[in-house]
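>>> heads up, no residue letters with this:
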C-alpha cells in the first residue's frame, strides 16, 4: 500500500475505499500472503516489473523429450512432463498452507516452448522478462527456439491450412490465435478424481493395460483388437504422468517435513508444516476427506495441468465440490473453525492469482490485468434441482472481499429459490466494488445447455463457466477438453464487408466474398442479405480451421495428463481431444452489437426517410466520415439498441435469429452446432483499429461496444428498465449460447439495507425477463478519475471489464476511459 | 515451392530473428502500410501495399524498407512511454490520446 491508513473502519466504510477495509479485516496470515504475491497479469500489455521467465520447465521438458526420441509423441510428452515434476525447484512460502507453484520461484512465469513458434520468438525479443544473466539466457532461449520452432504444435496447425490462407488468420478478423489444445481450456471432472484419487485412477488404467495386453498378445488374432496398440500407448502415457504428479506432490510433503524437523523454530508453524506434509502425502494420490485436503488436491491438479498446457481459463465450481468438506469439518466434526476455513479459502484464491506463464502480447493486450479468464462458478442448483448454495459459497464470497484479487472472479448462478443469506453476500461483494460475481440466470442457462448440446437435465444442472460466459457440465460426457479461444470472429467486419463488396478497408485487400456494389443497393433487404452472406462466410471459414485443429489435436498435440483425469478417456483409451464427449462449441462474436445499430441507421436514413443515398453513405464511410461530420451525427442520432425502441431492436433480433439458424448448419467434431456467444473481454479496445468506419456513426479507431448485448457506451438514454426490455427481446435460450450485459450502478444509491432491496428487485426483474447474464461496476466516476490521476493511491481498485475483473490501474488509459464512459444507471425503488 | 509456401517455411523455422531484432532506419514497422500480426508480438505482420496475387504480403517489422516505393512513414507522436509509432487511428490500443 502506498501510505499508512489511520482512519477507523467506519470511516473507511463510509469512504467506499474497501481495499483499506479489507486490510484491516483480514487475518495476519492472509495479509502477509496477499502482500507477498507477485501479480502475473499484464499492466497494459507488458509484464509487471520484476516478473521474469522461468527456464527450468522449458529445459527439463526439452531434455527428456530429446532423450526419448524413439517413443511416440504422446509418450515423449508424458516423459518430458514427468521429468519436470520430478526435478523442478519447489519452495514453501512463509505462512502458506496450500502448496504448488507454476515455476521455480515466486516471481517467475513458465514458458512452454513446444506450443507455438510465434510465442518463442516473442520471448526471444522481449526486453523485460529475460532473467539474469541475460546474455547467457538469451543464448539458451535461442537454442530452445531453434530446436522447437519447426516442431511446435503451432507449426503443425499452420500446415493444416493452405499457405495463402494463413494471411487471413494473422489479421485477427477470423480466429483469435490458433486451434491448439495446449492453449485451449479444459473442464475438470472432480467427481471422478475425488472419488478415486490418482492412485485409484492408475489402478483402473492398470486394468485396462492388462486387458489390452491380453487382447493383443494372448488371444486368437482379431482385427477388432488392433486399435488396442494405440490405446495401450495412451494408457501407458497417462500412467507415466499421473505417477509423476503424485511424486511431485510428495516432494512438497518431504520438504515440509524437512523444514519442520530441521529448521522451523516456531512450534505453531512446525505443527502446521507437519500437517502440510501429511496432506501432500495423501493428496492427490488418495481421495480427500477434509477441507484442507480437498483444496490442496484441487490446486495440485490445476497447477499440474498448467505445467502441461497454457490453460487460458479455469473452469471450477469450488463451493459445490468443497462445500461438503467445509460442512463436515466446520459444522459437523468441528475440527476447523470458520476463521481457519476462511484462511484456507483466502489462500486458495491467492494461489490461483499468482499463476502465470509467458504469453503472447495478443493475449496480454486483450486480457489486461489478468493471466486468463478464470471465472469460478458458485451457487446454482444440485442435480435434483434443490438450491446448491452452502456455507462454502458464503466463505468464498467473504474471502474474496478480504483478499480482493482480480483473478479468479466469481459468477453466481441465480435462481428463484436461492438462499437469502448467500444473496446478501453476493450483493456485498458487488457493493464493495469487486465487479463480481457476475449474475447468471440458472434456469435459462440449464435449458440453454439442453437446447444446444442435448445435455440431460441432471447433467445440465452441473454446469460451470468455461471462461467468462459459456456453461458446460463438469460430468463424464460433459467435460469440455479443448475449448478453442481461436473460435472467435470480429463480427462487425461483416457489416464493413457488406458495404464494400467483401473488401477490407483496413487491410486493403479482398477478404470476404463478393456481394455486390452496395452503392447500387435499392432496398434494405439487399443490404441485409449481403451482410448475412458475409457473416455466414466468416463463421464457415473459422469453423473449418477450428474443427480441423480440434480433430487433429489427438495426434498432433496429445495431453496425457488431462486425458488421465477424464473418466471418458480412461474408459475408451483415447486422448482428451478425441471428440467423444457430448460437445460444447461456440463462436465468440467480438463487436457484435454494432451490427443491428448500423443496419437500423441505414434503414432509417437511406431507405425509409431517404435523407441520404447509399452512394453518399459509401463515400462518407470510405473517407472514414472525414468531411462528413454533420451526416455522421445523423447516423449517431439514429435509433440505438438499449432504449426499448422496436425499430432498432427488431433488426437486432432478426440478426440474432438468422445467425442462430446458421449455427445449426455448421457442426463441430462431436456433431453439435456452433452457436454464437457475443462478448468482448477487452478486445473492444484492441479491435478498434481493425474495424473500419461503420454506419452507426463510428470512425476507425473509436472504441467498439463493450459487451455482448450491452448498448454502446452512453447510447442508452432511457434508463435501466429500457435496457433490460431491449435485451429481453433476444431469446437467451435459442438465439445465443450466452451474451454479456454490462451495467454501472451508483454506489451511493445502493448503500445500506435499502440498497440491497433496490438491487434485489432489479435482479428479480432481470431474471423474470429471461436474460442470461448481467454484471455490475459500482464505483463512482470521482473515484475512477482520482485513480487515473494518482494511480499509486488506488493500487487495489477493481473494476469489471467485460467478462472478467482487473485492477483499474493495470488497464491502459483507453480502456479506463471506456469504463468511465458507461452510463451510471439509477434504479427506481 | 510457391512464394506462399516459402513464406510459411520462414515462419516455421523462426527466420524472423536468428539474432535479436535490430530496426533499420526505414523499417516496415514504421510504415503506415504495415499491419501487425494479430496472433503474436513476434514482429511479423502484413504489408497492405504489396500483394502476392490478391493477398497482402507477409513482412517483418524489421524488414528494411529503404528501397520500397510504397514506404510512407507514420505520424509519430512521442509520449512519456515508448509509444510513438502509429497513425492517429491506430493509437488507442497503444495508450495514446486520440487526435
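Arrived safely. The structure presented is a predicted model; accordingly, all values stated were derived computationally and were not measured.

>>> Next SSE downstream of the lowest-mean-pLDDT helix or strand in chain B?
Ranked by mean pLDDT, DSSP states H and E, the weakest helix or strand in chain B is helix B:3-12, scoring a mean of 72. Counting by DSSP states H and E, the element after helix B:3-12 in chain order, helix or strand, is strand B:34-36.

>>> What residues sit buried inside that next one?
B:34, B:35, B:36 (16 or more other C-beta atoms under 10 Å in any protein chain shown). Every C-beta, even on glycine, is put in place using the N, C-alpha and C of the backbone.

>>> ok, now stretch A:783-792?
A:783, A:784, A:787, A:791.

>>> where's the helix or strand encompassing residue A:120 relative to the chain centroid, distance-wise?
Per DSSP H and E, residue A:120 falls inside helix A:117-124. Once both centres are worked out by C-alpha atoms, centre = their mean, to the nearest Å, helix A:117-124 turns out to sit 23 Å from its chain's centre.

>>> try stretch A:262-280
36 Å.

>>> Could you do stretch A:587-598 as well?
20 Å.

>>> Report the rounded mean pLDDT for that stretch.
Stretch A:587-598 comes out with an average pLDDT of 95.

>>> Quote the end-to-end distance of it.
21 Å (C-alpha to C-alpha, to the nearest Å).

>>> Is there any residue in that stretch that contacts chain B?
No - applying C-beta under 8 Å from any C-beta of the partner chain, one finds stretch A:587-598 out of contact with chain B, separated by at least 11.4 Å.

>>> helices or strands next to the longest strand anywhere in chain B in the packing?
What stands out as the longest strand in chain B, according to DSSP state E, is strand B:44-52. Judged by 3 or more C-beta pairs under 8 Å, 6 or more residues apart in numbering or on different chains; DSSP states H and E, strand B:44-52 is in contact with helix A:166-171, helix B:3-12, strand B:34-36, strand B:55-60.

>>> The residue of the stretch 101-250 of chain A found nearest chain B and residue A:365, how far apart?
Among the residues of the stretch 101-250 of chain A, residue A:172 lies closest to chain B, at 2.6 Å counting by C-beta to the nearest C-beta. The spacing between residue A:172 and residue A:365, counted by C-beta to C-beta, to the nearest Å, is 11 Å.

>>> how about low-confidence regions in the stretch 301-450 of chain A?
Along the stretch 301-450 of chain A, the model assigns pLDDT under 70 to residues A:362.

>>> Number of residues surrounding the one residue in it that gets nearest to chain B?
Closest to chain B within the stretch 301-450 of chain A is residue A:361: 3.1 Å, counting by C-beta to the nearest C-beta. Neighbour count of residue A:361, defined by other C-beta atoms under 10 Å in any protein chain shown: 19.

>>> How about residue A:324?
Neighbours of residue A:324 using other C-beta under 10 Å come to 15.

>>> Can you point out the helix or strand that includes it?
Counting by DSSP H and E, residue A:324 is part of helix A:318-326.

>>> relative to helix A:318-326, how tilted is the helix or strand following that helix?
Sequence-wise, the next helix or strand downstream of helix A:318-326 (DSSP H and E) is helix A:338-353. Relative orientation of helix A:338-353 versus helix A:318-326 (axes from the mean of the first three to the mean of the last three C-alpha atoms, to 10 degrees): 140 degrees.

>>> Give the buried residues for helix A:338-353.
For helix A:338-353, by 16+ other C-beta under 10 Å, it's A:340-353.

>>> hey, which helix is longest across chain A?
In chain A, taking DSSP state H as the definition, the longest helix is helix A:227-262.

>>> Any stretches of chain B with poor pLDDT?
For chain B, the ranges with pLDDT under 70 are B:10-22, B:38-43, B:75-99.
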